[in-house]
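K.L.:
model this:
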Amino acid sequence: MDFFIQNAYAQGAQQGGGTSFIIMMALMFAAFYFLLIRPQQKKAKQHQELVSGLQVGDEVLTAGGILGKITGVSEHYAVVSVSDNTEIKIQKASVSMVVPKGTFDEA
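P.N.:
Numbers count the residues shown, from 1 in each chain. This is a model prediction of the structure:
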């Protein structure tokens, strides 16, 4: 009789263990999603909106630290004036932020 009780107890413990494992994995996935994945997606969406909204005359700071004024925009590239008679062509994706007007003084 003890054998049947122990066997039934062992089967119940195995079934409950599998369910709790699945619940724990779901909770871990939810935590990763809300703490890591979702904020990164929001940041990428904001950067894409920034890049798609670039216009001639905007003053920008690139990821490499170059400050300048946009003088031309195409689909993937922007021409940035960095000083008198000096323009560079950059990828629009390398723009990290649009700075307030008047930040860039051509001297």
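K.L.:
what are the ranges of the helices in this structure?
P.N.:
According to DSSP state H, the chain carries its helices in the segments 2-32, 38-52.
K.L.:
In terms of mean pLDDT, which of the ones you listed ranks lowest?
P.N.:
Averaging pLDDT over each of the helices of the chain singles out helix 2-32 as the lowest, with a mean of 72.
K.L.:
For Ala78, give the beta-bridge partners.
P.N.:
In this structure, Ala78 has beta-bridge partners Val73, Ile90, where bridges are defined by DSSP bridges.
K.L.:
Across the sheet, point out what pairs with Gly62.
P.N.:
Gly isn't right for residue 62; it's Thr. Residues in a beta bridge with Thr62, per DSSP bridges, are Val95.
K.L.:
Next, count neighbours for Gly65.
P.N.:
Neighbours of Gly65 under the rule other CB atoms under 10 Å: 7. Any C-beta I mention is one placed from the backbone N, CA and C, and that applies to glycine too.
K.L.:
Pop out the phi and psi values for it.
P.N.:
Phi and psi for Gly65, reported as degrees, to the nearest 10, are phi 90, psi 10.
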